[in-house]
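Asker: Quick check, what structure comes out for this input:
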Amino acid sequence: MSEQLATLWGWLAEGPAAAPVALPWLAHLVALTSAGMVLEALVLTAWHRRTGAGLPPRTLLPTLVAGGGLMGALLAALTDGPPACLLALFALSGVAHVVDMRRRWQTGHGGKA
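Answerer: Numbers count the residues shown, from 1 in each chain. Sure, this is the predicted structure:
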């Protein structure tokens, strides 16, 4: 595992030209984490529908889509996906983030400094 971490560190230090096509263990970890996010969304939505507690799905969804878009972009980069896919996922994440921030700003859930 330390050899794989050294490879990853070298990639980060030297830039994309030194990057391997894929780091299978990292791609699997990102995919597993993304699946966990989907499961989290399903559980939290079911919990809200059953009990009325927690965040309503319309409030929770933009946050999860923003994070999921970034996870998808990372997965696309790790698996040498097409640049258009990477850009689309970044755009999706950015739009979801703006929607989330706008909603928080308008409803006063943003916390004041």
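Asker: Surely Leu86 and Leu74 touch.
Answerer: No: in this structure, Leu86 is not within contact of Leu74 by Cβ atoms under 8 Å, at 9.2 Å. Glycine gets a C-beta too; all of them are placed from N, C-alpha and C.
Asker: Pull out the buried residues from stretch 85-94.
Answerer: For stretch 85-94, the neighbour count (16 or more other Cβ atoms under 10 Å) marks Leu86, Leu89, Leu92, Ser93 as buried.
Asker: How about residues contacting that stretch?
Answerer: The contact list for stretch 85-94 (Cβ atoms under 8 Å, 6 or more residues apart in numbering) reads Val65, Ala66, Gly67, Gly68, Gly69, Leu70, Gly72, Ala73, Ala76, Ala77.
Asker: Then stretch 30-42?
Answerer: Stretch 30-42 has contacts (Cβ under 8 Å, 6+ apart) with Pro57, Leu60, Leu61, Leu64, Gly67, Gly68, Met71, Gly72, Leu74, Leu75, Leu78.
Asker: residue contacts, the fifth one?
Answerer: Contacts for Gly67 were tallied using Cβ under 8 Å, 6+ apart; they are Met37, Ser93.
Asker: Serialize the contacts of stretch 85-94 to a markdown table and add fields for pLDDT.
Answerer: Below are those laid out as a markdown table (pLDDT from 0 to 100):
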| residue | pLDDT |
| --- | --- |
| Val65 | 94 |
| Ala66 | 96 |
| Gly67 | 95 |
| Gly68 | 94 |
| Gly69 | 95 |
| Leu70 | 95 |
| Gly72 | 93 |
| Ala73 | 93 |
| Ala76 | 90 |
| Ala77 | 87 |
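Asker: mind listing which of those residues are in strands?
Answerer: Judged by DSSP state E, strands contain none of the contacts of stretch 85-94.
Asker: Could you give the number of residues near Ala96?
Answerer: Residues within reach of Ala96, counting by other Cβ atoms under 10 Å, total 20.
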